[in-house]
Structures are given as structure tokens and as C-alpha cells.
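Visitor: coords please:
(2 chains)
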Amino acid sequence: NAGVTQTPKFQVLKTGQSMTLQCAQDMNHEYMSWYRQDPGMGLRLIHYSVGAGITDQGEVPNGYNVSRSTTEDFPLRLLSAAPSQTSVYFCASSRGQGHSPLHFGNGTRLTVT
Amino acid sequence: KNQVEQSPQSLIILEGKNCTLQCNYTVSPFSNLRWYKQDTGRGPVSLTIMTFSENTKSNGRYTATLDADTKQSSLHITASQLSDSASYICVVSAREYGNKLVFGAGTILRVKS
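Guide: Residues are numbered from 1 along each chain as shown, chains lettered A, B, ... in the order given. Okay, the predicted model is just below:
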């Protein structure tokens, strides 16, 4: 099992550029989510999905879009990159929200100059 | 406000020694508390989950405790190994708000020989 796969591992963008961070899981999990991790802060939820065709905003959704056309894939789009979006981004999946453990990808380190 | 605070922020210990990491939370109503281990450059991995009725749970050399009255949890690592060097993240699930997860900022543990 590959688990949760994120690509790319590293990315450098200029301010104003757009890009998509890819996330795929092969565990047939209904719940998927995106987090950002900044130094000295806990993981913060950007967007999440409880199943194909359903997405919702998390704690810090501004500047990001998501879609969930299949159970396996949950891409995160940066519409117009800003230096404040420099961070490490993690995608996670689980069987359900709350009691089941989150399975995380290995992250994408994004730098916006 | 639902919060999770971890202490210390960072810790250095000698290989073979024991250590204890603390997690205090104000999340209410409480559903469960989970400890994750995050190796450098990787996503977090679940170590153990504590529910309201559990006081102690072990996973190999890791022992988690929970005092739901004082809203405190600890993670005790016995006979530390170099591979224990990581960030340890405490995550509390709130029973309302769709089992919202509240993340601590983590404790960075370094085990040196």
C-alpha cells in the first residue's frame, strides 16, 4: 500500500503564480483534508472533504481551492500565490473524522518569493 | 476557546534515558486525544489514542496517560533511542462541531548518543 501520496515534494513559486498540489490515497478513505504547518504553530486545517463531490472550508481557506471528483484524489489549488503561503502542506485521509487516525502524506514544502 | 498546549517546546536527552512530554487542553466537550510522532521531513504518524474512560495506554516504549478531570495528558518514552528523535504532536477531538481536531504545536525531542 502506498498510503497517501503527495506531489511535488518541493516547489518554489513567484508571487501571483498559481499551482496545484496533488494528493492521492489508496485506502478507500472517505475523509480527506489539507493542512499547513508553520514553525511554532499546530497544523491548521485548510479544506476538507467527507466524500466524493463534497468539500468544505477549514480554519484557513482563503487563497486555496479544492475539488473531490473521486474518492482517491484531493488536489489543492493555490490561485495566486503570496509569500504568506510559504509553508509545508500536508494532505491526510481517514475512514472518518474524529475517532479514526489521520494518515498523512510526506508533505510539500512550498516557498513563495 | 478550544486550545491544546504542549510542553516543553523542545527537549534534548541522552540515549537510554526516559522523558515525559506534556499536553494540556481546554477542548470541550472532549471526545478523544491522540499522540502523533512526526519524523523530520515526513508526515505525522499516530502513536496512540486515549478516550475519556482510559487512564493509561502503552505502545511499546511509549506510554500515554490521560487525566480528563484536569484535562492533561502525558507521553512517557522509556529507554530512549536515537530513532525517537522527532516532533510529538498532541491532537484533541471535540465531540461537537463534527469531531473537530485541535492540534498542539508539538514538542521537538532530540535524543543524542
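Visitor: residues contacting residue 76?
Guide: Looking at chain A here, since you left the chain open. A:Thr20, A:Leu21, A:Cys23, A:Trp34, A:Ile46, A:His47, A:Tyr64, A:Asn65, A:Val66, A:Tyr89, A:Cys91 (Cβ atoms under 8 Å, 6 or more residues apart in numbering or on different chains). Placement of C-beta: from N, CA and C, glycine included.
Visitor: not quite, I wanted chain B
Guide: B:Asn18, B:Cys19, B:Thr20, B:Leu21, B:Tyr62, B:Thr63, B:Ala64, B:Thr65.
Visitor: Now the residues you listed in JSON lines, please, with extra columns for secondary structure.
Guide: Putting the contacts of B:His76 into JSON lines (DSSP: H, G, I helix; E, B strand; the rest coil) gives the following:
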{"residue": "B:Asn18", "secondary structure": "coil"}
{"residue": "B:Cys19", "secondary structure": "strand"}
{"residue": "B:Thr20", "secondary structure": "strand"}
{"residue": "B:Leu21", "secondary structure": "strand"}
{"residue": "B:Tyr62", "secondary structure": "strand"}
{"residue": "B:Thr63", "secondary structure": "strand"}
{"residue": "B:Ala64", "secondary structure": "strand"}
{"residue": "B:Thr65", "secondary structure": "strand"}
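Visitor: and which of these is nearest B:Thr56?
Guide: Comparing these against B:Thr56 with Cβ to Cβ places B:Thr65 closest, at 5.2 Å.
Visitor: So that closest one sits against B:Thr48, correct?
Guide: No - assessed by Cβ atoms under 8 Å, B:Thr65 is found out of contact with B:Thr48, at 10.3 Å.
Visitor: Would you mind telling me which of those two has the busier surroundings?
Guide: B:Thr48 (20 against 17; other Cβ atoms under 10 Å in any protein chain shown).
Visitor: So, low pLDDT: which residues of chain A?
Guide: A:1 (pLDDT under 70).
Visitor: Any stretches of chain B with poor pLDDT?
Guide: B:97-98.
Visitor: what ranges do the strands span in it?
Guide: B:4-7, B:10-14, B:19-25, B:30-38, B:45-51, B:56-59, B:62-67, B:72-77, B:86-94, B:101-103, B:107-112 (DSSP state E).
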